[in-house]
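In: how would this look folded up:
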Amino acid sequence: MLDGIQVSSGCTLGKGNIIVKESQRIKVRFRKGNRVILIGPTEKTAALLSRVSASSPQREVQEIALALHRMPDHELFTVE
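Out: As a prediction, this is how the structure comes out:
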């Protein structure tokens, strides 16, 4: 998720305009002035991602990646 944010926003860890905090939940907060948007994975997305580990067979990882790719944005992320 962090790589996608850097590519899509132009913000980078190197420029210091991204702050990473350890958390049990994956959530991104974009802020500009008083405006704030929170984006995170839906339960369905989190469930799929939780099935992937370093020991996952490549075929399973590819199947999960394809399932995520095919999901519409509103099923992938929550936006507040």
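
In: what kind of secondary structure is residue 36 in?
Out: Three-state assignment for residue 36 (DSSP: H, G, I helix; E, B strand; the rest coil): strand.

In: Next up, the contacts around it.
Out: Residues in contact with residue 36 (Cβ atoms under 8 Å, 6 or more residues apart in numbering) are 29, 30. Backbone N, C-alpha and C define where each C-beta goes, glycine included.

In: okay, it: pLDDT?
Out: Per-residue confidence (pLDDT) for residue 36: 96.

In: if I look at it, how far off is residue 23?
Out: Distance of residue 36 to residue 23, given as Cβ to Cβ, to the nearest Å: 17 Å.

In: buried sites along the lengthiest helix in the chain?
Out: Looking across the chain with DSSP state H, the single longest helix is helix 58-70. Under the neighbour-count criterion of 16 or more other Cβ atoms under 10 Å, helix 58-70 has 64, 68 buried.

In: which residues sit in contact with the residue nearest the centre of the chain?
Out: Centroid-nearest residue in the chain, with Cα atoms, centre = their mean: residue 1, separated by 3.6 Å. By Cβ under 8 Å, 6+ apart, the contact set of residue 1 is 26, 28.

In: What are the boundaries of the strands in the protein?
Out: Ranges of strands in the chain, per DSSP state E, are 28-32, 35-41, 77-79.

In: will you turn these into JSON lines that also has distance to residue 62?
Out: Below are the strands of the chain laid out as JSON lines (distance: least, Cβ to Cβ, whole Å):
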{"stretch": "strand 28-32", "distance to residue 62": "25"}
{"stretch": "strand 35-41", "distance to residue 62": "19"}
{"stretch": "strand 77-79", "distance to residue 62": "22"}
